[in-house]
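Undergrad: below are the sequence and a predicted model for it; my questions follow.
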Amino acid sequence: MRRDAYLCQPCKGQGRVTEATEVDHIRNVAEGGTDDESNLQAICACCHGAKTQAEARRGANRP
């Protein structure tokens, strides 16, 4: 959180300033991500929920 200045990184990438409330795996562990700091980002609850839903849909579409 401190590294990302407590700002949601997905929001920041879209030009919005939003306080981060959680830490997220950029590439989730189920898809091969690690707990390494380079794979973590500060994120707001709204973006985290949307990202988690998208990841779940991808998982449901796997053979």
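TA: The structure has been received and is ready for your questions.
Undergrad: hey, where'd the strands end up in this protein?
TA: Per DSSP state E, the chain has strands spanning 22-25, 40-43. These are given in chain order.
Undergrad: possible to save those as JSON lines with mean pLDDT?
TA: Rendered in JSON lines, the data for those read as follows (pLDDT from 0 to 100):
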{"stretch": "strand 22-25", "mean pLDDT": "98"}
{"stretch": "strand 40-43", "mean pLDDT": "98"}
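Undergrad: could the ones you listed go into CSV alongside mean neighbour count and distance to D4?
TA: (C-beta placed from N, C-alpha, C; glycine too.) Formatted as CSV, those follow (neighbours: other C-beta atoms under 10 Å; distance: least, C-beta to C-beta, whole Å):
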stretch, mean neighbour count, distance to D4
strand 22-25, 16, 9
strand 40-43, 23, 4
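Undergrad: now render those strands as CSV, adding distance to Q9.
TA: As requested, these are arranged in CSV below (distance: least, C-beta to C-beta, whole Å):
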stretch, distance to Q9
strand 22-25, 8
strand 40-43, 4
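Undergrad: ok, which of those comes nearest A5?
TA: Each of the strands of the chain has some distance to A5 by C-beta to C-beta; the shortest is strand 40-43, at 7.8 Å.
Undergrad: partners of that closest one in the sheet?
TA: Here the strand partners of strand 40-43, with direction, are listed using DSSP bridges: strand 22-25 (antiparallel).
Undergrad: could you dump the strand it pairs with to PDB, C-alpha only?
TA: Extracted C-alpha coordinates of strand 22-25, given in PDB (Å, rounded to 0.1, in the frame of the first residue of the first chain):
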ATOM      1  CA  GLU A  22      -7.000  -3.700  -0.300                       C
ATOM      2  CA  VAL A  23      -3.900  -5.400  -1.700                       C
ATOM      3  CA  ASP A  24      -4.400  -7.500  -4.800                       C
ATOM      4  CA  HIS A  25      -2.400 -10.100  -6.800                       C
END
